[in-house]
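K.L.:
Quick one, what's the 3D model for this:
(one chain, ligands or ions: 3)
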Amino acid sequence: MYYESVIKNSMVVAANGTVNSDIGITNGKIAAIDSNLDGKHVVNAEGLVALPGGIDSHVHISQPSGPGVEMADDFETGTRSAACGGNTTILPFCLPEQGQTLREAVAAYRKKAEGKCMTDVSFHLIVNDTDPVTIGQDLPALIQAGYTSFKVFMTYANLALSDRQILEVMAVAKEHNAMIMVHAENEDAIEFLRDKAELIGDTGPFYHAPTRPIPVEREATHRAISLAEIAGVPLTIVHVSNGETTEEIQRARQRGLKVFAETCPQYITLTAEDLDRAGFEGAKYVCSPPPRSAQEWPKIWDGIQNKTFDIFSSDHCPFRFNDSAGKDAPGARQSFRNIPNGIPGVETRLPILFSEGVVQKRISLDHFAAITATNHARLYGLYPRKGAIAVGADADVTLWDPSLTKPIRQSDLHHGSDYTPWEGFEVTGWPVYTILRGITIMKDGQPIGSPIGQHLERGVADVL
Ligand code: DUC
Ligand code: ZN
Ligand code: ZN
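P.N.:
Ligands and ions are numbered 1, 2, ... in the order given. Reported below is the predicted structural model:
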């Protein structure tokens, strides 16, 4: 057989085991994993590791963020940054603007992405209302059309749903086989603590962390799991930051519940002390849940190693630092309450986990593939087309140089933000090629070619 493209001589982390092999690609699909393959285009991958293209199932792009505030990435810069960080698919969230229905929001969001994406994309929905049109018409129709996952919030005044509303959304998920994702933090408790902090003048960026302490997240997680148990649906707890919340998830699983969980790089590498940096610098680290103490890191690693965490995502939510439409929004220097929430990370997620996980021998290459690609595809209805190096799957492959060592530098990144929280963080193991459906979209850290990313309709989670 003569293939359109062949990736030669890499260590292939394939769905059925790791082998030194070639990968033959035809029509954008993996056609063979074998030795001595020949093809029209050949990538010499001697000394490199071939992993499934990263799937980052938790990113925010061009999301409405309040009056005067703007996200730093649109689909062009967000997917370019994703591709340069070794990703071939990302799943951003579609949030309706004020007065928009969910279906209108999806149509507008699709338009924003059209022709702009370097990676494939598919959208989760954010459900921030439970009016009859949303619940009775839009959600069922959108699930049918391949938007098979949605996020609900237990925090943020403008987004949070009541317990009853969450149950109503869960009932739709149950009827139509969709996956619910929950942002679990107790809004009332946060509001109480925030008001108290402001009264005594504790208003700098640092106070974002102590006003969202671990019990706020642990309690909401317990409640979300209980609601899912009542509704009889599986759920995914996103961006878990600490050991006690991890234990809640483990307890639920021991009771036989289908609870899936996600953690992110910030919870194994950053701390609340980063929020206490001089001047306004701490604003660069404001995200929710906040980074905790370094004592939580080994607990998150335990959760990764014992597979409590199914997926490792970035929660890329980029704002510019030196920008009144970003972290320096009106009122942000007067109170942490007004600092836009979120940090950029779609380009650094995979290198951080490769270095801290694989190189430091905390996880195997197989496990890395599972929590950065395969499990995302399975949980969100993209498997087996995406998420694994296997014959018949899309030829989404990232080639890694496992010994390339260099620090993370903002000047090397491709996102729209003007900083990275990991400036100077030393990493061993970098992606050097990102290949989407057989076409190279990144080489040696630089984006290549025109935006060939497609929108993906998704099916039902294969874990449901
Ligand atoms: N939740 C997210 O998932 N991302 C950014 C901000 C937030 O609260
Ligand atoms: Zn969230
Ligand atoms: Zn998020």
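K.L.:
ok, residue 211 - how many residues close by?
P.N.:
22 (other C-beta atoms under 10 Å). In this view, the C-beta of every residue, glycine as well, is placed from N, C-alpha and C.
K.L.:
for it, what are its contacts?
P.N.:
If you count contacts by C-beta atoms under 8 Å, 6 or more residues apart in numbering, residue 211 has them with 190, 193-194, 197, 336.
K.L.:
strand partners of the strand ranked longest in the chain, parallel vs antiparallel please.
P.N.:
Counting residues, the longest strand found in the chain (DSSP state E) is strand 2-14. Here strand 2-14 is paired, per DSSP bridges, with strand 17-26 (antiparallel), strand 38-44 (parallel), strand 49-52 (parallel).
K.L.:
Just send those strands back as a markdown table, with mean pLDDT and mean neighbour count too.
P.N.:
Listed next are the strands paired with strand 2-14 as a markdown table, based on pLDDT from 0 to 100; neighbours: other C-beta atoms under 10 Å:
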| stretch | mean pLDDT | mean neighbour count |
| --- | --- | --- |
| strand 17-26 | 97 | 19 |
| strand 38-44 | 97 | 15 |
| strand 49-52 | 98 | 28 |
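K.L.:
how about those strands, which one is nearest ligand 1?
P.N.:
In terms of C-beta to the nearest ligand atom, the element of these nearest to ligand 1 is strand 49-52, at 23.7 Å.
K.L.:
for the closest one, the distance to its chain's centre please.
P.N.:
Mean C-alpha position of strand 49-52 versus that of the full chain (C-alpha atoms, centre = their mean, to the nearest Å) differs by 19 Å.
K.L.:
Render the CA-only coordinates of that strand in CSV, please.
P.N.:
C-alpha atoms of strand 49-52 as CSV (Å, rounded to 0.1, in the frame of the first residue of the first chain):
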residue,chain,number,x,y,z
VAL,A,49,6.6,10.1,20.5
ALA,A,50,3.3,10.0,18.6
LEU,A,51,0.3,10.7,20.9
PRO,A,52,-3.3,11.3,20.0
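K.L.:
Name the residues that touch whatever helix or strand comes next after that strand?
P.N.:
Per DSSP states H and E, the first helix or strand lying C-terminal to strand 49-52 is strand 54-59. For strand 54-59, the surrounding residues in contact (C-beta under 8 Å, 6+ apart) are 78, 82, 85-93, 124, 238-239, 262, 264, 311, 313-317, 346, 349-350, 372-373, 376-377, 379-380, 382, 386-387, 398, 431.
K.L.:
Start and end of stretch 303-317, how far apart?
P.N.:
Length of stretch 303-317, first residue to last, C-alpha to C-alpha, to the nearest Å: 24 Å.
K.L.:
Need the strands paired with strand 2-14 in TSV (columns: distance to residue 229).
P.N.:
Shown next, in TSV, are the strands paired with strand 2-14 (distance: least, C-beta to C-beta, whole Å):
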stretch	distance to residue 229
strand 17-26	37
strand 38-44	49
strand 49-52	33
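K.L.:
Could I get the average pLDDT for the longest strand of the chain?
P.N.:
Mean pLDDT, computed over strand 2-14, is 97.
K.L.:
which among the contacts of residue 211 end up buried?
P.N.:
Among those, the ones that count as buried by 16 or more other C-beta atoms under 10 Å are 190, 193-194, 197, 336.
K.L.:
Kindly reformat these as JSON lines containing distance to residue 427.
P.N.:
Listed next are those as JSON lines, based on distance: C-beta to C-beta, whole Å:
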{"residue": "190", "distance to residue 427": "33"}
{"residue": "193", "distance to residue 427": "35"}
{"residue": "194", "distance to residue 427": "35"}
{"residue": "197", "distance to residue 427": "35"}
{"residue": "336", "distance to residue 427": "30"}
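K.L.:
tell me which of the residues you listed is nearest to residue 392?
P.N.:
Lowest distance from residue 392 to the buried ones among the contacts of residue 211 (C-beta to C-beta) belongs to residue 190, with 46.9 Å.
K.L.:
returning to that earlier point: distance to ligand 1, secondary structure and pLDDT for the buried ones among the contacts of residue 211 - can I get that in a markdown table?
P.N.:
Shown next, in a markdown table, are the buried ones among the contacts of residue 211 (distance: C-beta to the nearest ligand atom, whole Å; DSSP: H, G, I helix; E, B strand; the rest coil; pLDDT from 0 to 100):
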| residue | distance to ligand 1 | secondary structure | pLDDT |
| --- | --- | --- | --- |
| 190 | 11 | helix | 98 |
| 193 | 16 | helix | 98 |
| 194 | 14 | helix | 98 |
| 197 | 18 | helix | 98 |
| 336 | 14 | helix | 98 |
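K.L.:
Closest to residue 462 out of those residues?
P.N.:
Set against residue 462, the nearest of these by C-beta to C-beta is residue 190 (35.3 Å).
K.L.:
I figured the closest one hits residue 212, correct?
P.N.:
Yes: with contacts counted by C-beta atoms under 8 Å, residue 190 reaches residue 212, the gap being 5.6 Å.
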